[in-house]
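In: Need a 3D model of the following:
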Amino acid sequence: MVYYAWWVYLIIAIPGIFLFVMNWAIFFHNKLGKRFVSNVPPLGGLWIAVVCLISPCKWLALIGLADPGLWLFIVAIISEKNNMGE
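Out: Residues are numbered from 1 along each chain as shown. A predicted model of the protein is given here:
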């Protein structure tokens, strides 16, 4: 199998990295500020995971799990399900 240079994977990952960083910035802004700003869905983490899965180092896909949008999305789904049961 022929592997491309790392810069090709990095260029493909740029939108995911941007969304990943913005999710962390929004997370800290919400914690430090009094104003609430909605997170971007976990697209950054998913994008990074997919790009890392096509790269030679597949274990780097675990970085996508560090996206706070993913965890907040899961918490929102669970809390919504609990609210519907009442």
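In: residues in contact with residue 30?
Out: When contacts are counted by Cβ atoms under 8 Å, 6 or more residues apart in numbering, residue 30 touches 36-37. Using the backbone N, CA and C atoms, a C-beta is placed for each residue, glycine as well.
In: One more: residue 42?
Out: With Cβ under 8 Å, 6+ apart, residue 42 has these contacts: 23, 67, 69-70, 73.
In: Return the member of these nearest to residue 43.
Out: residue 69 (7.5 Å; Cβ to Cβ).
In: Out of the contacts of residue 42, name the ones that lie in helices.
Out: 23, 69-70, 73 (DSSP state H).
In: Mind picking the two most distant members of those?
Out: Longest span within the ones in helices among the contacts of residue 42, Cβ to Cβ: 23 and 73, 10.3 Å.
In: what residues are shared contacts of those two?
Out: Joint contacts of residue 23 and residue 73 (Cβ under 8 Å, 6+ apart) are 39, 42.
In: Show me which of the two is the more surrounded one.
Out: The neighbour count for residue 23 versus residue 73, taken as other Cβ atoms under 10 Å, is higher for residue 23 (23 against 15).
In: Quick check: the gap between the residue nearest to that one when sequence neighbours are not counted and residue 59.
Out: Leaving out its chain neighbours, the residue that sits closest to residue 23 by Cβ to Cβ, 6 or more residues apart in numbering is residue 69, at 4.4 Å. Per Cβ to Cβ, to the nearest Å, residue 69 is found 21 Å from residue 59.
In: neighbour count winner among the two?
Out: Set residue 69 next to residue 59 and count neighbours by other Cβ under 10 Å: residue 69 wins out with 23 against 9.
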